[in-house]
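Chemist: Kindly generate the corresponding structure for this input.
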Amino acid sequence: MGEKSVQKKKYILETAHKVFVEKGFRNVTMKDVVDACEISRGGLYLYFSSTEEIFLELIRMESQETDDVFAGSISAVASAAEILAVFLKEQKREILRAKKTLSVATYEYFFANNVSRKDNFLKKQFDEAVILLEKLINTGIENGEFYEVDARIAAKNIMYVLEGLKIASLTMGVSGETIDKELLILVQGLVIEE
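Modeler: Predicted coordinates:
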C-alpha cells in the first residue's frame with residue numbers, strides 16, 4: 001500500500017471512529033461512513049468490505065493505543081505500587097471519557113453478534129490484563145509492597161471493578177470522586193502502608 005493509500009485508510013478510520021462513537025455499532029452503515037468521509041462508495045470498498053471490518057480495525061487500534069500510553073508512562077525503575085497507580089490512573093481516565101470512546105459500540109457489537117469465546121477480543125483483553133496484573137501483584141508481594149494475597153483473584157477483582165465502572169459510567173454516569181473511592185478500596189486491600 002502506497003503512502004497515499006495509507007493516509008486515505010487512516011482518514012477513513014479516524015472519520016469512522018467519530019461515526020461509531022456518535023451512532024454506536026448497530027446504527028452505522030457503509031453509507032454513513034461514505035457520507036462522513038465524503039468519498040465514493042467504491043472508494044470506501046477499496047479499503048473495507050463492511051462496517052464490521054472497519055469497527056474491528058478501530059477496536060484493534062484503540063487497544064494498541066491504550067497499551068502504548070500505559071507502557072510509555074512507566075519508568076524503568078518504577079515500583080509495583082507505582083505501576084499499579086499509573087494503571088489505575090489510566091483506567092480512571094478511560095472510564096471518565098467512556099462516552100467519547102467506542103465503548104457503547106463495542107458492547108452493542110457483542111450483544112448483536114454471537115461472538116465465539118476464541119474470537120472475543122473483550123475477553124482476550126480482560127484475560128491479558130489479569131495476567132499482567134497478577135504478575136505485578138506477585139512482584140509487589142515479593143518486594144514487600146503488597147499484602148500476601150491470591151494474586152490471580154486480586155487481579156480479576158480489579159478488572160471486574162473496572163469493567164463495572166465502565167458500564168456504570170455509560171448507563172448511570174460516574175464522577176471522578178466515585179471512581180477514586182472505588183479504586184482506593186482496591187488499593188487499600190493490596191498496598192502495605194508504610
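
Chemist: what residues are up against Glu52?
Modeler: Under the criterion of C-beta atoms under 8 Å, 6 or more residues apart in numbering, the contact list for Glu52 reads Tyr109, Asn113. Any C-beta I mention is one placed from the backbone N, CA and C, and that applies to glycine too.

Chemist: Report the separation between it and Ile59.
Modeler: The spacing between Glu52 and Ile59, counted by C-beta to C-beta, to the nearest Å, is 10 Å.

Chemist: ok, residues contacting the host helix or strand of Lys166?
Modeler: When secondary structure is defined using DSSP states H and E, the element that contains Lys166 is helix 151-171. For helix 151-171, contacts defined as C-beta under 8 Å, 6+ apart pick out 91, 94-96, 98-99, 103-104, 107, 126, 129-138, 141, 174, 179, 182-183, 186, 189-190.

Chemist: Could you identify the helix or strand that succeeds the host helix or strand of Phe55?
Modeler: Per DSSP H and E: Phe55 is located in helix 51-72. Counting by DSSP H and E, the next helix or strand C-terminal to helix 51-72 is helix 80-96.

Chemist: so how far is that following helix off the chain centroid?
Modeler: Helix 80-96 has its average C-alpha position 12 Å from the chain's average C-alpha position, going by C-alpha atoms, centre = their mean, to the nearest Å.

Chemist: what sits against the nearest residue to Cys37 once chain neighbours are set aside?
Modeler: Leaving out its chain neighbours, the residue that sits closest to Cys37 by C-beta to C-beta, 6 or more residues apart in numbering is Thr15, at 4.8 Å. Applying C-beta under 8 Å, 6+ apart to Thr15 gives the contacts Val33, Ala36, Cys37.

Chemist: who wins for most neighbours among these?
Modeler: Val33 (21 neighbours; other C-beta atoms under 10 Å).

Chemist: Name the nearest residue to that residue, ignoring sequence neighbours.
Modeler: Nearest in space to Val33, with sequence neighbours left out and distances taken as C-beta to C-beta, 6+ apart, is Ala16 at 5.0 Å.

Chemist: want to throw the contacts of Thr15 into JSON lines with pLDDT, secondary structure and distance to Leu46?
Modeler: Putting the contacts of Thr15 into JSON lines (pLDDT from 0 to 100; DSSP: H, G, I helix; E, B strand; the rest coil; distance: C-beta to C-beta, whole Å) gives the following:
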{"residue": "Val33", "pLDDT": "96", "secondary structure": "helix", "distance to Leu46": "13"}
{"residue": "Ala36", "pLDDT": "96", "secondary structure": "helix", "distance to Leu46": "16"}
{"residue": "Cys37", "pLDDT": "95", "secondary structure": "helix", "distance to Leu46": "12"}
